[in-house]
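Undergrad: Give me the fold of what follows.
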Amino acid sequence: MTSRRCPRCGTIKTKLAPRKTLSDSLCSAFTIYPFRCQLCAKRFRTFLGHRAKLPRRGFERVSVSFPVWIKPRPAPPLHMGREGVLENLSLRGCRIRAETPFALGTRVELEFQYADTSFPITIDEAVVRSITEDGIGLRFVQLQRADERRIRQIIDLWLPEQAESQP
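TA: Reported below is the predicted structural model:
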């Protein structure tokens, strides 16, 4: 059995990733599939040994419930933003339940706090990628390295470890 451990950080918190290139498709014929580390974002290929249906997302989202403050970017003067609830989180995006209407493609800034004693994590820029009745899906565009590290720590704590023998 080939290891699905991340070659960069060594975690087993990896997931099948969507195909991106022609070589990904060709390798799939030999059951060599792309994987994505959920903590450091390293993309790598490894032998799986059987056929697999590849996911649409490259990153697993973990269920959370954190208060979030969101405002359009650039915000008009004296714009205070709106509150919502961060419902799930990944290294590259999140879903927020909020009553503030945003159009697809809107750029926003958000800030959330995962514990009463923690400093807020700020996402300098995110783009609205989906809108449903129960919330909006965001893709992170710009965030500080320290905030990205803190998000990795949250995901590491909340994301269950995958057994290496599972497909």
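Undergrad: can you give me the helices for this protein?
TA: 22-28, 145-158 (DSSP state H).
Undergrad: Give me the residues contacting the longest one.
TA: Read that as helix 145-158. 11, 13, 38-40, 62-64, 89-91, 114, 121-123, 143 (C-beta atoms under 8 Å, 6 or more residues apart in numbering). Glycine gets a C-beta too; all of them are placed from N, C-alpha and C.
Undergrad: To Val68, which of the helices of the chain lies closest?
TA: The closest of the helices of the chain to Val68 is helix 145-158. By C-beta to C-beta, the value is 12.9 Å.
Undergrad: Can you show me the CA trace of that closest one as CSV?
TA: The C-alpha coordinates for helix 145-158 follow below in CSV (Å, rounded to 0.1, in the frame of the first residue of the first chain):
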residue,chain,number,x,y,z
ARG,A,145,0.4,34.5,6.8
ALA,A,146,-0.1,34.5,10.6
ASP,A,147,-3.9,34.3,10.1
GLU,A,148,-3.5,31.4,7.6
ARG,A,149,-1.4,29.6,10.2
ARG,A,150,-4.1,30.0,12.8
ILE,A,151,-6.7,28.7,10.4
ARG,A,152,-4.5,25.6,9.8
GLN,A,153,-4.4,25.0,13.6
ILE,A,154,-8.2,25.2,13.8
ILE,A,155,-8.5,22.7,10.9
ASP,A,156,-5.9,20.4,12.4
LEU,A,157,-7.9,20.3,15.6
TRP,A,158,-11.4,20.0,14.1
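Undergrad: buried ones in that helix?
TA: By neighbour count on 16 or more other C-beta atoms under 10 Å, the buried set for helix 145-158 is Asp147, Glu148, Arg150, Ile151, Arg152, Ile154, Ile155.
Undergrad: that older thread, using neighbour counts, trim the contacts of helix 145-158 to the buried set.
TA: By 16+ other C-beta under 10 Å, the contacts of helix 145-158 give 11, 13, 38-40, 62, 64, 89-91, 114, 121, 123, 143 as buried.
Undergrad: Lowest-confidence member of the contacts of helix 145-158, which is it?
TA: The member of those with the lowest pLDDT is Tyr114, at 86.
Undergrad: Next up, the contacts around the residue nearest to it when sequence neighbours are not counted.
TA: Leaving aside its sequence neighbours, Tyr114 sits nearest to Phe66 (C-beta to C-beta, 6 or more residues apart in numbering; 5.1 Å). With contact set as C-beta under 8 Å, 6+ apart, Phe66 has these partners: Val85, Leu86, Leu89, Phe112, Gln113, Tyr114.
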